[in-house]
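A.B. asks: Next input, structure requested:
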Amino acid sequence: MQYMNTLIIGLMLAGITGYADAQVTERKGLTLDGAKQVIAAALAEARGKQAPGGVIAVVDDGGNLMALERLDNTFAAGANISIGKARTAALFKKPTKVFEDIVNKGRTTMVALNDFTPLQGGVPIEYEGKVVGAVGVSGAASAQQDEEIAIAGAQAVKTIHTSQDMSNGALPVTYIESRTVAAAFEKGAVLLREDERMMHSARNYMVHASHRDAPGMVEIHELDTDILYVLKGTATLVTGGTPVGSKMIAPHEIRGTSVQSGETRHLVAGDVIIIPNGVPHWFKEVSAPFDYYVVKVR
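C.D. replies: Now for the predicted structure:
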């Protein structure tokens with residue numbers, strides 16, 4: 001009898017547990033590191049497009065603010081607008097351009113909704129087919145550019161996959177699939193960077209998929225050594241010398257218009273060049289398209 005009672009109690013507990021399991025679901029959530037990754041990718045896109053300003057806001061799937069970055073010279077209201085765009089995209093699970101188009105077509109009553117910003121520039125962040133948050137951008141050159149920057153940020157979550165063996169304290173292994181790499185080389189993009197202000201908290205490097213169609217400015221990285229590997233195209237690179245018209249554009253980052261003296265090299269596919277931190281370097285001439293990897297080591 002005691003055995004039967006134990007069995008019955010066990011079956012009842014199993015039933016209760018099964019019932020409880022049926023009432024809840026496991027869901028993916030955007031982490032703080034993931035939000036920073038979105039910010040970093042969006043910032044890289046904004047700077048690649050030479051956006052005159054911009055505020056990037058990242059929210060979770062409930063519309064709660066997780067991270068925000070404001071570029072210099074962005075108008076004061078940009079932060080609130082970008083947050084509103086991100087919240088709208090997260091809560092309605094659609095890009096905010098959808099709602100702007102609806103309003104422009106005459107359904108103006110939609111603007112009466114609470115906590116609703118129907119302005120282009122908000123994009124949901126999806127992972128494994130589920131919306132885990134959203135990114136909103138305001139203050140770039142145009143509404144279209146706001147959206148392009150937001151899209152670049154949103155794509156960072158679903159295209160970079162990491163796995164980690166926590167048992168031995170190892171860093172995550174990062175895998176970036178070929179189509180993502182190919183897309184990055186179309187315009188040039190950062191492949192691995194966790195935070196804009198400093199490198200990955202446990203790494204001391206970043207990886208760029210760089211693309212040039214024309215010469216650039218003189219660059220001086222006070223902290224970062226650049227390791228370049230040329231994939232395609234040719235370019236004339238000047239290293240060293242004295243930069244002309246140099247100015248600080250960001251902490252530890254200096255740009256100039258040209259270089260006096262310096263050493264000139266003609267780069268072709270397969271070449272590798274290592275430029276120590278503090279050394280001016282300038283792509284003086286470029287035969288487009290010119291694609292190259294850059295590993296930046298701090």
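A.B. asks: just the helices in the stretch 101-250 of the chain please.
C.D. replies: Remark: helices assigned in the stretch 101-250 of the chain by DSSP state H, counting those that start in this stretch are 143-159, 178-187.
A.B. asks: Run through the residues that contact Gly270.
C.D. replies: Gly270 makes contacts with Val230, as judged by C-beta atoms under 8 Å, 6 or more residues apart in numbering. Bear in mind the C-beta positions are built from the backbone N, C-alpha and C, glycine included.
A.B. asks: How much space separates it from Leu228?
C.D. replies: 12 Å (C-beta to C-beta, to the nearest Å).
A.B. asks: Output the lowest mean pLDDT helix or strand found in the protein.
C.D. replies: strand 160-163 (a mean of 50; mean pLDDT, DSSP states H and E).
A.B. asks: where does the stretch 1-150 of the chain dip in pLDDT?
C.D. replies: 1-27 (pLDDT under 70).
A.B. asks: at 80 what do you get?
C.D. replies: Scanning the stretch 1-150 of the chain for pLDDT under 80 picks out the ranges 1-28, 110-112, 114.
A.B. asks: Do you have the strands of it handy? List them.
C.D. replies: 55-60, 65-70, 122-127, 130-138 (DSSP state E, counting those that start in this stretch).
A.B. asks: Let me know how buried Gly245 is, in neighbour terms.
C.D. replies: Neighbourhood size, Gly245 [other C-beta atoms under 10 Å]: 10.
A.B. asks: and what of Ile56?
C.D. replies: Neighbour count for Ile56, taken as other C-beta under 10 Å: 35.
A.B. asks: Please verify my assumption that it contacts Ala152.
C.D. replies: No. Between Ile56 and Ala152 there is no contact under C-beta atoms under 8 Å: 10.0 Å.
A.B. asks: can you list residues touching both of the two?
C.D. replies: Common neighbours of Ile56 and Ala152 (C-beta under 8 Å, 6+ apart) are Ala42.
A.B. asks: nearest residue to the residue nearest in space to the middle of the chain other than its sequence neighbours?
C.D. replies: Against the mean C-alpha coordinate of the chain, by C-alpha atoms, centre = their mean, the closest residue is Ala41 at 1.5 Å. Take Ala41 and drop its neighbours on the chain: the residue closest to it by C-beta to C-beta, 6 or more residues apart in numbering is Ala156, 3.6 Å away.
A.B. asks: show me what contacts the one you found?
C.D. replies: So Ala156 contacts 37-38, 40-42 (C-beta under 8 Å, 6+ apart).
A.B. asks: among those residues, which are in helices?
C.D. replies: 37-38, 40-42 (DSSP state H).
A.B. asks: Closest to Lys94 out of these?
C.D. replies: Nearest to Lys94 among these, counting by C-beta to C-beta, is Val38 at 17.7 Å.
A.B. asks: burial of that closest one, as a residue count?
C.D. replies: Neighbours of Val38 using other C-beta under 10 Å come to 30.
A.B. asks: any idea how far it is from Thr31?
C.D. replies: Separation of Val38 from Thr31 (C-beta to C-beta) stands at 11 Å.
A.B. asks: Same check on Ala288?
C.D. replies: On the measure of C-beta to C-beta, Ala288 and Thr31 end up 38 Å apart.
A.B. asks: Likewise for Asp60?
C.D. replies: For Asp60, the distance to Thr31 - C-beta to C-beta - is 10 Å.
A.B. asks: give the contact list for Thr257.
C.D. replies: Counted by C-beta under 8 Å, 6+ apart, Thr257 has contacts 217-218, 244-245.
A.B. asks: ChimeraX command for the buried members of the residues you listed?
C.D. replies: To isolate the buried ones among the contacts of Thr257 in ChimeraX, judged by 16 or more other C-beta atoms under 10 Å, type:
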select :218
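A.B. asks: Sort out which of the contacts of Thr257 are in strands and list them.
C.D. replies: Of the positions in those, 218, 244 sit in strands, assigned by DSSP state E.
A.B. asks: And the contacts of Thr257, which two are furthest apart?
C.D. replies: Met217 and Val244 (10.7 Å).
A.B. asks: Quickly list what's touching both of the two.
C.D. replies: Applying C-beta under 8 Å, 6+ apart, one finds that Met217 and Val244 are jointly contacted by 256-257.
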